[in-house]
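In: let's see this in three dimensions:
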Amino acid sequence: MNDSTRKSIRRLSIATLILGGLTLAYVYWEMIAQLWVDSYIYPLNWNPDIKAWQIFILVARFIGVTALFILCSIFLYRTNRGLPEGDIFPKANISLIRWTALVAALLAFVHSNYDAVVKGESALMLDSGVFLIPLVVLLFAGLYKMAYLAAKDSHLAI
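Out: Numbers count the residues shown, from 1 in each chain. Predicted coordinates:
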């Protein structure tokens, strides 16, 4: 792998981390504002009948977004760590992508129910993204595994 490709991957990784960090900060700010700022555009309306459900969705959103950012950071770290040796597809990233599918399923479920929770409505919603997004992420995990095996095979052939 040439040096310009390594630099491009590192720059893209840094840009991804910056955008992910900004998105994480925005989600945190939005949740804090909804909980504690009364003049926020969409303040959280607590409903005593579904308060446990509301807390579950809020906590799941906080943990899910944080976990997704951490998993992406680990993925990029492992990828950049292997670049000097020419290992662009570390094997450990395969299981990391599969865990990301689980987190993506949780976040898709939370996203489909978040607006109702903020409004204080008692509704459980499932949309197609709850099933489709994790399947797409698992598809990418399979493609990544195939790329890892192809790269490993090409190193053995040399």
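In: got the buried residues for the helix or strand encompassing R81?
Out: Secondary structure from DSSP states H and E places R81 in helix 51-82. Across helix 51-82, burial judged by 16 or more other Cβ atoms under 10 Å covers 53-54, 57-58, 60-61, 64-65, 67-69, 71-72, 75-76, 78-80, 82. For every residue, glycine as well, the C-beta is placed using N, CA and C.
In: likewise for stretch 117-126?
Out: V117, V118.
In: and it, how far from the chain's centre?
Out: Relative to the centre of its chain, stretch 117-126 is centred 23 Å away, using Cα atoms, centre = their mean, to the nearest Å.
In: from memory V110 sits against V59, does it?
Out: No: assessed by Cβ atoms under 8 Å, V110 is found out of contact with V59, at 9.5 Å.
In: pLDDT wise, what is the spatially most central residue of the chain at?
Out: Closest to where the C-alpha atoms of the chain average out (Cα atoms, centre = their mean) is L68, at 3.1 Å. If you check L68, the pLDDT there is 97.
In: ditto for W29
Out: 93.
In: ditto for G82
Out: 89.
In: show me where the protein has its strands.
Out: Counting by DSSP state E, no segments of the chain form strands.
In: mind showing which ranges of this structure have poor pLDDT?
Out: Scanning the chain for pLDDT under 70 picks out 1, 156-158.
In: in it, which helix is the longest?
Out: For the chain, the longest helix by residue count, based on DSSP state H, is helix 3-36.
In: if we go by neighbour counts, what in it is buried?
Out: Those would be I9, S13, G20, L24, V27, M31, A33, Q34, for helix 3-36 by 16+ other Cβ under 10 Å.
In: quick check: T16 touching F69?
Out: No: the pair T16 / F69 is not scored as a contact, 10.3 Å apart, by Cβ under 8 Å.
In: doesn't T100 make contact with the residue nearest to the centre of the chain?
Out: Yes: taking contacts as Cβ under 8 Å, L68 lies within contact range of T100: 6.9 Å.
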